[in-house]
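Participant: got a predicted model here, sequence first, then my questions.
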Amino acid sequence: MRADARRNHDRLVACARDAFAELGADAPLDEIAQRAGVGNATLYRHFPTRQALLEAVFRDHIDALCRQAEDLMSAPSPGAALKEWLGAVIAQGSTERGLAASLLAALGQDGSSCRAAVFGAARALLARAQEAGDVRAGVSVEQMFKLVNAIALATETEPDAAGQAAALLDLIFHGLTPRP
């Protein structure tokens, strides 16, 4: 990629990150292009769809979550590893107001490379926790993500978002554990 094209790409991603944080996942693409100082054609040349732009904005976050999941696959307690990772997913979604909804949008569409990566990581951790008897059988990755996303959205504007999210994750995880 040419140097000027790389600068435009990087500016578009940075401005999109700010716009999504401020206005949510439906931030006007025209406004993002304007903030980046480029025309709409430049934006669409780099990111032909809103989904492509969302994925570019969250690629680093998704990659970090996947690396963490891989590291946690060798943790001694599969259930604790899953819970720790779900906490990290919530934290990523709650870093700034509006980012939870934007991250959900980035993960929302089937065929999304972000969704495939995160759901693959989650499947591996969930399967390991289920095999160890730490999480009940029949819980799906999709169900788990709906609950985690609900926590991120519900707590993102709370004064003690991290504390509230941890308390809600404890409640949910209690429901995920098998009953005798």
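Facilitator: Yes, it's here.
Participant: helices along this structure, start to end?
Facilitator: 3-23, 29-36, 40-46, 50-72, 78-93, 99-108, 113-131, 141-155, 161-176 (DSSP state H).
Participant: worst average pLDDT in those helices?
Facilitator: Of all these, the minimum mean pLDDT falls on helix 99-108 (a mean of 60).
Participant: domain-wise, how is the protein divided?
Facilitator: The record, using automatic domain parsing to delimit domains, assigns the chain the ranges 1-48, 50-176.
Participant: out of the helices of the chain, deepest packed?
Facilitator: Counting by mean count of other C-beta atoms under 10 Å, helix 99-108 has the highest mean neighbour count of these, with a mean of 22. The C-beta positions use only the backbone N, C-alpha and C, and glycine is treated the same way.
Participant: which residues touch the spatially closest residue to residue 84 that is not a sequence neighbour?
Facilitator: For residue 84, the nearest residue in space outside its immediate sequence neighbours is residue 72; the separation is 6.4 Å by C-beta to C-beta, 6 or more residues apart in numbering. Residue 72 sits next to 81-82, 84-85, 125 when contact means C-beta atoms under 8 Å, 6 or more residues apart in numbering.
Participant: okay if I get those as CSV plus distance to residue 35?
Facilitator: Shown next, in CSV, are the contacts of residue 72 (distance: C-beta to C-beta, whole Å):
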residue, distance to residue 35
81, 40
82, 38
84, 36
85, 33
125, 37
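Participant: identify the farthest-apart pair in these.
Facilitator: Checking the contacts of residue 72 against each other with C-beta to C-beta, the farthest-apart pair comes out as 84 and 125, at 9.3 Å.
Participant: how many neighbours does the closest residue to residue 77 other than its chain neighbours have?
Facilitator: Nearest in space to residue 77, with sequence neighbours left out and distances taken as C-beta to C-beta, 6+ apart, is residue 134 at 7.1 Å. Other residues within reach of residue 134, judged by other C-beta atoms under 10 Å, total 20.
Participant: likewise residue 47?
Facilitator: 22.
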